[in-house]
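S.K.: What follows is a predicted structure for the sequence shown.
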Amino acid sequence: MKILILQLARLGDIFMTWPAVRAVRRMYPDAEIHFMTRPRFEGAVEGLTAIDKHITLQSGHILSPLINENGNTEESLNRMEEFVETVRAEEYDQIINLTFSPFSSYLTHSLTVPKTQVFGYTRFRDGYFCVADEVSSYFYAQVGINKPNRVHVADIFASLIGTEYTEQDWEAPVLPDIDLELPQLYLTIHVGASEKHKALTGEAWGRMVDYFARRYENMPIVLIGAPNEAEIAEEIIARAPNANIVNLVGKTRMYQLFTILKRSELLIGCDSAPIHMASLTDTPTLNISVGNVNFWETGPKATLGLIYRVEEGQEIVPERIGEIVAQLLEGHADPDLIMRTSGLVSYAKQESAEQEFAWNLVQAMYLGGEYPIADRIDIIEGAMKLDEINDFMMSQFALIPEKGVQAVTPFIEGGEDVIKSISRLVPELRPMIDWYHAEKIRVAPGTQEEIIAATLSVHERFKRHLRVYVPREEKVTTVEAKDGTL
């Protein structure tokens, strides 16, 4: 058996994929497993012994003709075709696309041969987007920034491949011997982040380190990061002259960070790859989650994983973070920290009524949970309007064989516009509306009769969800008594 696993996202996503790759190896011990990433992130594959072959998507080679002054599109397409044909010739039995991006869906479809079983995003035979499996449909509808999903991405990967993780799936790799003259005890700070808006400035880190150093004078702090983050490290050192700092920013290979993290008492960092590497070494982690981030999906999975949440636009107080770190070393967790938990939801946090309703609604639709009680009249009215427009659209689809597609299309499109407007006006119902849109996308190409039947099935299932919140009319049935009275 030959399996291809695609992860074309960034470093952190690749490390979050490690347990899934290991799980595939455990499920198919004799399979030949290939793993595809983008070339700039190939350092995140070093030490992943569960794979037999690492393939890099040669994006630089493919796109370089477009960068030239005259932009040779044909040459770029030829190079892409050559790459696809080379990989497609492997004739994979399974392709597992863990990237969940439009581009990856095209690539997955291009690499598929008739015998291939596909998990994750792909394309229908006519080129339209395809979310063929239930987990991919869930990801498309409910996962992302400002979405209600509370399941970690790593756990969604496990669901996609149809397994549950074991402890071995989360083990650290065999660690290399490195001579970096590390202290016996130390904290580690990753000074960067996956994106600039998620990061702390050098000034903020410096103030945090300076405050902490005054509380713990003899506790060394090891700084890690990429070469382009060297200036941040220099500013930290300048602003915390009394701190015991070991500066390794830009001085290590990606793989060596595993050893640094394994020996560390605590990792402190924003959303980034080391957070997920620390999950594999089970290093206690304080994740400073800043701004437009869904920490439920990408937070630390270490046993002692803690999140300090700073909402977008909220001012960061570095000394506050320094105090939280000091408290952790004293064995106390600040009440503002979001704690790692076990189970379906990875973190414990008090949420608003609207957020709780949305997540409970997701669990009802996908996991067989109880539908949440609607405590606002807007929810009932929104559901009633959706039910009404859904009935109207079903009637229009039923008219297609008689009147034709062109005659009813304007009415159907108008109905879709109403549904979108209700999604904005009644956010509690958005998970249900997003489910509806995902199911509509899943309708496969076919004859007009097949497409109509599949579409009507989506509307019928939508109606069943809606009816939970639509008051039923009292129907009084008059029964004639035996003696003729009513």
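M.R.: Sure, I can see it.
S.K.: which residue is nearest the middle of the chain?
M.R.: By Cα atoms, centre = their mean, the chain has its centre lying nearest to Val153, at 4.4 Å.
S.K.: got the contact list for that one?
M.R.: Asp13, Met16, Val143, Glu297, Thr298 (Cβ atoms under 8 Å, 6 or more residues apart in numbering). Heads up, the C-betas are built off the backbone N, CA and C, glycines and all.
S.K.: ok, now how distant is it from Ile14?
M.R.: 12 Å (Cβ to Cβ, to the nearest Å).
S.K.: One more: Met432?
M.R.: According to Cβ to Cβ, Met432 and Ile14 sit 33 Å apart.
S.K.: now swap in Glu217 and tell me
M.R.: 38 Å.
S.K.: Compare neighbour counts for the two and give me the winner.
M.R.: Between Glu217 and Ile14, counted using other Cβ atoms under 10 Å, the more crowded position is Ile14 (25 against 10).
S.K.: Now the phi/psi pair for Val222, please.
M.R.: Torsion angles at Val222 (phi, psi; degrees, to the nearest 10) stand at phi -100, psi 120.
S.K.: for it, what are its contacts?
M.R.: Counted by Cβ under 8 Å, 6+ apart, Val222 has contacts Leu182, Pro183, Tyr186, Leu187, Thr188, Ile189, Ile245, Val246, Leu248, Ile260, Ser264.
S.K.: Ranking by neighbours, what's the top pick from those residues?
M.R.: That'd be Ile189 among the contacts of Val222, by other Cβ under 10 Å, with 28 neighbours.
S.K.: show me where the stretch 151-300 of the chain has helices.
M.R.: Ranges of helices within the stretch 151-300 of the chain are 153-161, 202-215, 230-239, 257-263, 273-281, 295-298, based on DSSP state H, counting those that start in this stretch.
S.K.: Determine which of these approaches Ala407 most closely.
M.R.: helix 153-161 (40.7 Å; Cβ to Cβ).
S.K.: Please export the C-alpha coordinates of the closest one as PDB.
M.R.: Extracted in PDB, the C-alpha atoms of helix 153-161 (Å, rounded to 0.1, in the frame of the first residue of the first chain):
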ATOM      1  CA  VAL A 153      -6.800  20.900  14.600                       C
ATOM      2  CA  ALA A 154      -4.600  18.000  15.600                       C
ATOM      3  CA  ASP A 155      -7.600  16.100  16.800                       C
ATOM      4  CA  ILE A 156      -9.500  16.900  13.600                       C
ATOM      5  CA  PHE A 157      -6.600  15.300  11.700                       C
ATOM      6  CA  ALA A 158      -7.100  12.200  13.800                       C
ATOM      7  CA  SER A 159     -10.800  12.100  13.000                       C
ATOM      8  CA  LEU A 160     -10.100  12.600   9.300                       C
ATOM      9  CA  ILE A 161      -7.900   9.500   9.100                       C
END
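S.K.: got the angle between it and helix 273-281?
M.R.: Here the directions of helix 153-161 and helix 273-281 differ by 70 degrees (axes from the mean of the first three to the mean of the last three Cα atoms, to 10 degrees).
S.K.: Serialize the contacts of Val153 to JSON lines and add fields for neighbour count and distance to Asn228.
M.R.: Below are those laid out as JSON lines (neighbours: other Cβ atoms under 10 Å; distance: Cβ to Cβ, whole Å):
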{"residue": "Asp13", "neighbour count": "23", "distance to Asn228": "20"}
{"residue": "Met16", "neighbour count": "27", "distance to Asn228": "23"}
{"residue": "Val143", "neighbour count": "18", "distance to Asn228": "30"}
{"residue": "Glu297", "neighbour count": "21", "distance to Asn228": "26"}
{"residue": "Thr298", "neighbour count": "21", "distance to Asn228": "22"}
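S.K.: ok, those vs Val362, which is closest?
M.R.: The closest of the contacts of Val153, once distances to Val362 are taken by Cβ to Cβ, is Val143, at 10.2 Å.
S.K.: Could you pull up the contacting residues of that closest one?
M.R.: Neighbours of Val143 in contact, by Cβ under 8 Å, 6+ apart: Phe100, Asn149, Val153, Ile156, Glu297.
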